[in-house]
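Undergrad: Below is the sequence, then the predicted model.
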Amino acid sequence: MTLGELHDAARAALDPVHYDYVAGGAGEERALAANGRAFDRYALLPRVLRGAARRDTAVDLPGARRAAPVMVAPTAFHRLLHPDGERATARAAAAEGAVLVTGVAATTAVPAVVAAAREAAPDPAVWFLLYPHPRREVTEALVRRAEEAGCSALVVTADSPRFGRRTRDLRNGFDDLPPGCAAENMRDLPGAPPGALTDIPMHPAASWRDFAETVGMTSLPVWIKGVLHPADARLAVEHGAAGVIVSNHGGRQCDTAAASVDCLPAVVDAVAGAVPVVLDGGVRRGGDVAVALALGAAAVGVGRPVLWGLAAKGAAGVREVLRTLLDEYDHTLALCGGRRNADLSADMVVRGDAAW
Ligand SMILES: Cc1cc2nc3c(=O)[nH]c(=O)nc-3n(C[C@H](O)[C@H](O)[C@H](O)COP(=O)(O)O)c2cc1C
Ligand SMILES: O=C(O)C(=O)c1ccccc1
């Protein structure tokens, strides 16, 4: 199935309220729409007569060796979408060599997620996402849970001092998770028991000091997610980030935020090679992966397409999504005369009006 067909199958399979939770964004869904439109405005200038019969598209990142250039972005509540939940996503990602970012909003505890990934590959990369928490001891407990489970990196989401205003969820009155579906990694920690959308506490006063404190708690690499401004990318490097994820959270936080791919070149310039940069938001085809890598991303993350694959067909659907994007990307790289990702460069990308 194409990604579009998997999306249709997921829509048909899901409770419309849960479909809206995944599909929707904040406010008028401007930032969500901007992500897709932005990719529609970029086009490639392929280089000719310089290709190779075989291409190597693997990437080395802090927390992942020889990974696929497409990773599974952190998304909440996989058991809302399929009974196999995060175990299915983990098996599929590991089988495709893709990093899986699990975390505080997972409906499967992190040891079981890592175990599922290890069923599919000997040395899978599972990263753990957390939000800055108002209580240091909760952050510390989450960091230990991730370390003990065998995660190879942490990701701190920095774009959510408050939960976004999700218009569809407010209209649908979607707040409580169904029975059997809870934020398992938050169990037995101080605060509300897990079970509702908003049970993952956000920290409106979180600062760079808090970020640096988390970096100091662990020897794992710590990525920062949700950076759009180049000045913040520089601050992230100064405060010990191992990598920067350029993201507007799939249009689910600040609805007037710019499209993430439009922010990528300035962030790449700002970090000046000090740490790798990953892009997420609106990646829907192999050509989008190629544009992001040409503009300086080391890899991309995908959110919703993975969830559509999961809802439609469980682990097999997630594999199909990742395989499709990776095959399309490899094909595009071949057509651009590339043998490795670094053969794509910013001079091979043009941006115009939506005329392509
Ligand atoms: C249903 C859903 C849940 C998400 N949950 C989280 C989360 O808990 N933490 C986080 O940092 N990002 C979360 N995201 C954002 C994704 O990590 C990613 O930034 C975004 O989905 C990328 O855009 P895309 O869906 O267009 O690929 C979520 C996205 C979706 C669609
Ligand atoms: O839905 C989201 O985008 C999200 O980031 C989130 C955060 C915490 C709990 C659930 C979802």
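TA: Perfect, I can see it now. Ligands and ions are numbered 1, 2, ... in the order given.

Undergrad: Show me where the protein dips below the pLDDT cut-off.
TA: 192-194, 353-356 (pLDDT under 70).

Undergrad: Enumerate the residues of it near ligand 1.
TA: 22, 35, 73-76, 105, 129, 157, 225, 247, 249-250, 252, 280-283, 302-304 (C-beta under 6 Å from any ligand atom). To be clear about C-beta, it is placed using only N, CA and C from the backbone, and glycine gets the same treatment.

Undergrad: Go back to those residues and keep what's next to ligand 2.
TA: Counting by C-beta under 6 Å from any ligand atom, the members of the residues of the chain next to ligand 1 near ligand 2 are 76, 105, 249, 252.

Undergrad: does the closest residue to the first one other than its chain neighbours sit in a helix, a strand or a coil?
TA: Okay, so that is residue 76. The shortest distance from residue 76 to any non-neighbouring residue, by C-beta to C-beta, 6 or more residues apart in numbering, is to residue 105 (3.4 Å). Here residue 105 takes the coil state, with states given by DSSP: H, G, I helix; E, B strand; the rest coil.

Undergrad: I'd like to know how far the residue nearest the centre of the chain sits from residue 250.
TA: Nearest to the geometric centre of the chain sits residue 73, at 1.9 Å (C-alpha atoms, centre = their mean). Here residue 73 is placed at a distance of 8 Å from residue 250 (C-beta to C-beta, to the nearest Å).

Undergrad: Kindly report the same for residue 18.
TA: With C-beta to C-beta as the criterion, residue 18 and residue 250 are 16 Å apart.

Undergrad: And the two? Which one has more around it.
TA: Under the criterion of other C-beta atoms under 10 Å, the comparison of residue 18 against residue 250 puts residue 250 first, with 25 against 20.

Undergrad: if we can go back for a sec, just the ones of the residues of the chain next to ligand 1 in helices?
TA: Within the residues of the chain next to ligand 1, residues falling in helices by DSSP state H are 22, 35, 304.

Undergrad: Neighbour-wise, which one of these leads?
TA: Most surrounded of those: other C-beta under 10 Å gives residue 35, at 25 neighbours.

Undergrad: Skipping adjacent residues, who's closest to that residue in space?
TA: That would be residue 282: by C-beta to C-beta, 6+ apart, it lies 3.0 Å from residue 35.

Undergrad: burial measure for residue 178, as a count.
TA: Residue 178, neighbours per other C-beta under 10 Å, totals 12.

Undergrad: Backbone dihedrals for the nearest residue to it once chain neighbours are set aside, both of them.
TA: Leaving aside its sequence neighbours, residue 178 sits nearest to residue 80 (C-beta to C-beta, 6+ apart; 7.2 Å). Phi and psi for residue 80, reported as degrees, to the nearest 10, are phi -70, psi -30.

Undergrad: what about residue 80, how many neighbours?
TA: So residue 80, with other C-beta under 10 Å, has 20 neighbours.

Undergrad: List, one by one, the residues from the stretch 201-350 of the chain near ligand 2.
TA: Near ligand 2, when you scan the stretch 201-350 of the chain using C-beta under 6 Å from any ligand atom, you find 249, 252.

Undergrad: which residues of the stretch 201-350 of the chain fall in strands?
TA: In the stretch 201-350 of the chain, the strands defined using DSSP state E, counting those that start in this stretch lie at 222-227, 243-246, 277-280, 299-302, 349-351.

Undergrad: and the ones you listed, which is most packed in?
TA: For those, the largest average neighbour count (mean count of other C-beta atoms under 10 Å) is found in strand 243-246, namely a mean of 29.

Undergrad: Now the residue in the chain that ligand 1 sits nearest to: closest residue in space that isn't a chain neighbour?
TA: Closest residue of the chain to ligand 1, C-beta to the nearest ligand atom: residue 303 (2.2 Å). Among residues not flanking residue 303 along the chain, residue 73 sits closest, at 4.3 Å (C-beta to C-beta, 6+ apart).

Undergrad: looking at it, the one you found is touching residue 301, isn't it?
TA: Yes. Judged on C-beta atoms under 8 Å, residue 73 makes contact with residue 301 at a distance of 3.5 Å.
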